[in-house]
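**Q** one predicted model, sequence on top.
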Amino acid sequence: MSNVPVSAFLALALILFCIGLYGALSKRNTVIVLISIELMLNAVNINLVTFSKYGPAPSINGQIFALFAIAIAAAEAAIGLAILIALYNNRKTVNIDEMDQLKH
Amino acid sequence: MENAWLIPLFPLLSFLVLLIAGRRLREASAYAGILLTLASLAMSVYMLAERFTKPTFKSESVWLTIGDLKLTAGFEVNQLNALMLVIVSLVSFLVHIYSRGYMHGDERFPVFYAYLGLFTFAMLGLVLSPNLLQTYIFWELVGLGSFLLIGFYFYKESAKHAAQKAFIMTRIGDVGLLIGMILLFWQTGSFEYDEIFASVKEGAVSETMITLTAILIFIGAVGKSGQFPLHTWLPDAMEGPTPVSALIHAATMVAAGVYLVAATFPLFAASETALMTVSVIGAFTAIFAASIGIVQKDIKRVLAYSTVSQLGYMMLALGSAGYVAGVFHLMTHAFFKALLFLAAGSVIHAVHTQDIEKMGGLWKKLRFTAPLFLIGTLAISGVPLFSGFFSKDEILVAAWVHGNKALFWLAVTAAFFTAFYMFRLFFMVFAGEARTHMKNVHESPGSMIFPMAVLGVLAIASGYINTPWFGTFLGDWLVEGNSALGHGHVEGPAWIMIVATLVSLSGILLAYLIYVKRSISRDWLISRAPLTYNVLRNKYYIDEFYGMTFVYGAKAVSLFLRFIETFLVEGLVKTVTVFVQTLGKTGSKIQSGQVQTYGAIAFVGLAVLMVIFALTGGYL
Amino acid sequence: MLSGEFIAFIGLALVAIMGGVLLLNLTKVVHMVVALVFTFVSIAGIYVLLSAEFLAAVQILIYSGAITIIMLFGIMLTKHNDESEAKGIGWRKILLFLGVLAFGAAVYIGIYDLDFTSETSSLHVKNTEQIGLALYSDYIIPFELTSVVLLVTLVGAIILARKDDNGKEGDKE
């Protein structure tokens, strides 16, 4: 029925995940880091939905899972932004390499 | 005798009390010291009296257990110990009394008494020790007490140096003692005197080893007793207060070396070579120090050299198998030399100088000190009827009988020198007219006269307990029940006594002619033999020789070692520290506090793991 | 051979990846976010291909709508000096890039020939109804818990913001 192989979807998810990972670990701007993390979550969601359709035991559960993931991701983004702004008000910077309080 | 262990504890108590409460007691601390020493003295006398009737008492308990080995600690009261106990506690007691007058007004008065207590404790402990290990501990404690007391006037540069010198020189000897002790332990498996002597008697220890250990122990005695070549510290030790010189550097500590040889006498007796070494060193020291004493100008230094010389006599006696003679002379010497030092202290107290060139004519001014000093001088010179005469005679007889005639004549010459320089000292201080103007010359207080009087009586009387005329009571008692110690009395030709008398009288006569009658000019003598005079004046340049050789040698070695230290050791250490520091710095740089970096590193690590996993084919 | 589905996939995948690459390489922060919107939208398309129509709608609503707007707010509320981003390529970035490559390769080895012989699913039939049934039956407890989490998030975000205001006022005084 389908001529798009499973591995194609998985590969797409992998590529997006890698891009997100690289962005999260290399960008200086904290907002972009947060966005990159969203991208990584999206890649995971693709995986979940793919297995929901083409997995060994296809069922609706994968999609439900993805739904929950999206909900939590939205919450995470909101909290992340709130923390970022709190931090910005204290330190007047959004550059991640200037946030080194862990050192002290 | 079960309570003999209390004897050293009284002075220790005095030390502790004065250490804690000395500041508050001020000069009253003298009474604490005197009373506690008196307790020691009373007990010592009691022990001695008891020892006359009862056998040797020994009590020990296990101190340390190492594997099968048991180290014991305890105390022993035999003839020699009991005698030494009385000598030490008596002299210490008298010095305690004397110091009350002599040290009066000193700022560190209580400290002085505390140190005296410490020293007395150590000395009494040394005397009571039944084994070598315990002896060694107290031996070092005695050294410490001596160091503290010599350096009592530590603000004086010379006193500081003297204290250091005394400590270092005696340490050289101590190393010998320590090695000898360890060798003996290795050979016999025990530190106990009794067991060591027993195994020596059985022949369990080889001849060479006996000689070696005996000589090593003798080296310890050489250091403590100021024998040649380690004698140089003793004259310098006169920087300490005069009562200290009387207690430590005349009567007790320096006698510790002689005591040690006497205590280990059976060991020495088993080796002819060791005895020979002891007697040769003793005889040489006797004449060597006596010759230096002739030209010294400091009243205490003359006495110091005479001490060295007399200790040489004792060593000669012990080396000539004259155990009794050595111990006897040790006792009489303790009394008359302590008397001499105390009298000298009294003179110094009166005129505030130690230079005999500046004294003179004090006979009339020091009514009590002068006759007492004369008694001491007569005793040490070996004039008949005084104690020194009998003990010196014993030594000469022992030397003659033992067979080495050269040593005998050396001893006789030394006796001549002794008589000469002691009377030179006496005449220059007391006879004639004052050579410099002396103000406020006054007799010392009663607290200083009393001890001298007691010692004066002893300096005369103590000789009579062992004479060829009235019986050799001391000698018989000392060797009772122990054949290894030799005979109580050695019969010698009668002419020896006459020779000894003649020699000492001629020495006195010569001194009289030069220093009182002035029929022989001093300057003439000096101008005739300037070289000899200068050599003697500079104590044979021994100090200079040590300065040139050992001190420079040590400096060269230490420079070399310092070179190694700076470039090799420190280099190594630096390398290590730099390495560790770099490591730490790198580590702290990694700890930048940036979460992103941490994440990156953690992720790279994960990636590496995954690649390894994939390459090794562990996937699925 | 090329079915419409395949062509759609290729197109959507390309747009998604392009969005990601642009995210990494653009200099202005706002541009990055816009680039990411393309990715999110094309991912929604991918969901449609995978017969998850409801999820596709949620994706567009939440990601392309809500999260992007939040991010834009975040960007606007903070100051940015965009030039600081282009700061040369440090050893860290190279190492990281190699690490990501190695990670991708290692995972790719695991997935490139993955194939499940699966029965045909009927997910595309009344997809939303199926999700609704599942949510309100099997997953009712997680569903309710999620609502709690969202509430907590809301309150938490407000508290964080309020605290800042107080702090700010304190600073000014």
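**A** Nice, thanks for sending it over.
**Q** now do the contacts for C:I131.
**A** A:60, A:63-64, A:67, C:54 (C-beta atoms under 8 Å, 6 or more residues apart in numbering or on different chains). In short, each C-beta sits where N, CA and C put it, glycine included.
**Q** from the residues you listed, which is closest to chain B?
**A** A:Q63 (26.3 Å; C-beta to the nearest C-beta).
**Q** name the element that closest one belongs to?
**A** helix A:61-91 (DSSP states H and E).
**Q** quick one: is that helix near chain C?
**A** Yes. Contact of helix A:61-91 with chain C (C-beta under 8 Å from any C-beta of the partner chain) involves A:61, A:63-64, A:66-68, A:70-75, A:77-79, A:81-86, A:88-90.
**Q** which of these are buried? Put it as a PyMOL command.
**A** Buried residues among the residues of helix A:61-91 next to chain C (16 or more other C-beta atoms under 10 Å in any protein chain shown), as a PyMOL selection:
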select buried, chain A and resi 61+63+64+66+67+68+70+71+73+74+75+77+78+79+81+82+84+85+86+88+89
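**Q** could you list which of the residues of helix A:61-91 next to chain C also contact chain B?
**A** Checking the residues of helix A:61-91 next to chain C against chain B (C-beta under 8 Å from any C-beta), there are no matches.
**Q** related to what we said a few turns ago, rebuild the contacts of C:I131 as TSV, extending it with pLDDT.
**A** Output for the contacts of C:I131, formatted as TSV (pLDDT from 0 to 100):
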residue	pLDDT
A:I60	86
A:Q63	89
A:I64	91
A:L67	91
C:F54	90
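**Q** quick check: domain ranges of chain C?
**A** What automatic domain parsing lists as the domains of chain C is C:1-82, C:125-163.
**Q** and those domains, which is most packed in?
**A** domain C:1-82 (a mean of 18; mean count of other C-beta atoms under 10 Å in any protein chain shown).
**Q** so how far is that domain from its chain's centroid?
**A** 7 Å (C-alpha atoms, centre = their mean, to the nearest Å).
**Q** that domain close to chain B?
**A** No. Using C-beta under 8 Å from any C-beta, domain C:1-82 never reaches chain B; the gap is at least 15.1 Å.
**Q** leaving out the residues flanking it, which one is nearest to residue 84?
**A** Using chain A here. Counting by C-beta to C-beta, 6 or more residues apart in numbering or on different chains, A:L84 lies nearest to A:T30, which is 5.5 Å off, once chain neighbours are set aside.
**Q** sorry, I should have been clearer: chain B.
**A** B:V127 (4.4 Å).
**Q** just the pLDDT at residue 50, thanks.
**A** Reading this off chain A. For A:T50, the pLDDT comes out at 89.
**Q** try again with chain C
**A** The predicted local confidence for C:L50 is 87.
**Q** give me phi/psi at it?
**A** phi -90, psi 20 (degrees, to the nearest 10).
**Q** if I pick it, what's in contact with it?
**A** Contacts of C:L50 (C-beta under 8 Å, 6+ apart): A:9, A:49-50, A:52-54.
**Q** let's go with 6 Å and repeat that
**A** Applying C-beta atoms under 6 Å, 6 or more residues apart in numbering or on different chains to C:L50 gives the contacts A:49, A:53.
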